[in-house]
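1. The sequence isn't on hand, but the structure is:
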């Protein structure tokens with residue numbers, strides 16, 4: 001009875017404002033060389049726990065050709081992820097964006113938010129994507145099932161499983 005859960009929180013205003021700015025969306029899309037692509041964004045440390053390999057494989061298998069997965073972040077897996085993208089049969093679908101501080105602008109330029117983590121608490125990146133009114137596809141880890149109501153506030157898929165992630169992304173693309 002003495003224990004309370006204190007969830008992560010964010011100030012939604014920067015994300016709401018960025019999403020309302022059509023010029024900002026177009027400027028960032030031009031900067032990222034997104035023309036008619038559906039921009040899927042994953043904002044996450046390049047770390048084994050974030051399981052970028054599953055996200056990359058799911059995007060590779062999409063039948064839609066006009067998709068791009070923007071990987072925003074830096075970390076110890078950067079070289080491995082870069083090699084994986086270079087070996088992909090569709091490397092044009094991926095872009096390592098690197099570490100950025102303009103996350104509200106990047107989310108405003110995106111169409112779908114993805115988080116393929118194997119382990120989480122309650123990731124701020126998902127809260128930010130929700131504030132940016134993006135459909136969220138995330139794994140059923142940590143507190144994500146408490147925040148994401150499937151089909152209403154986002155979509156949940158089992159961690160490490162390509163096919164369910166591919167199927168949900170395909171529905172959204």
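-> Happy to help now that I have it. Treat the numbers as computed from the prediction; the structure is a model and nothing was measured. Residues are numbered from 1 along each chain as shown.
2. how about residue 99, phi and psi?
-> Taking degrees, to the nearest 10, you get phi -70, psi 130 for the backbone angles of residue 99.
3. give me the number of residues near it?
-> The burial count assigned to residue 99 is 11, neighbours taken as other Cβ atoms under 10 Å. C-beta coordinates here come from the backbone N, C-alpha and C atoms, glycine included.
4. Assess the claim that it and residue 74 are in contact.
-> Yes - with contact taken as Cβ atoms under 8 Å, residue 99 and residue 74 are classed as touching, separated by 4.2 Å.
5. Residues that sit against both of those two, list them.
-> Overlap between the neighbourhoods of residue 99 and residue 74 is empty, taking contacts as Cβ atoms under 8 Å, 6 or more residues apart in numbering.
6. For residue 57, list the residues it contacts.
-> Applying Cβ under 8 Å, 6+ apart to residue 57 gives the contacts 162, 166.
7. Name the helix or strand for it, please.
-> Here residue 57 sits within helix 52-60, counting by DSSP states H and E.
8. Pull the distance from that helix to the chain's centre.
-> Mean C-alpha position of helix 52-60 versus that of the full chain (Cα atoms, centre = their mean, to the nearest Å) differs by 11 Å.
9. Equivalent analysis for stretch 56-73, please.
-> Mean C-alpha position of stretch 56-73 versus that of the full chain (Cα atoms, centre = their mean) differs by 10 Å.
10. and it, which residues are buried?
-> 56-60, 62, 67-73 (16 or more other Cβ atoms under 10 Å).
11. about what we covered before: what's next to the very next helix or strand once past the helix holding residue 57, contact-wise?
-> Later in the chain than helix 52-60, the nearest helix or strand by DSSP H and E is strand 67-72. The set of residues external to strand 67-72 that reach it, using Cβ under 8 Å, 6+ apart, is 32, 34, 37-44, 46, 52, 55-56, 59, 81, 92-100, 103, 106, 110, 114, 169, 173.
12. Fine by me, we can end here.
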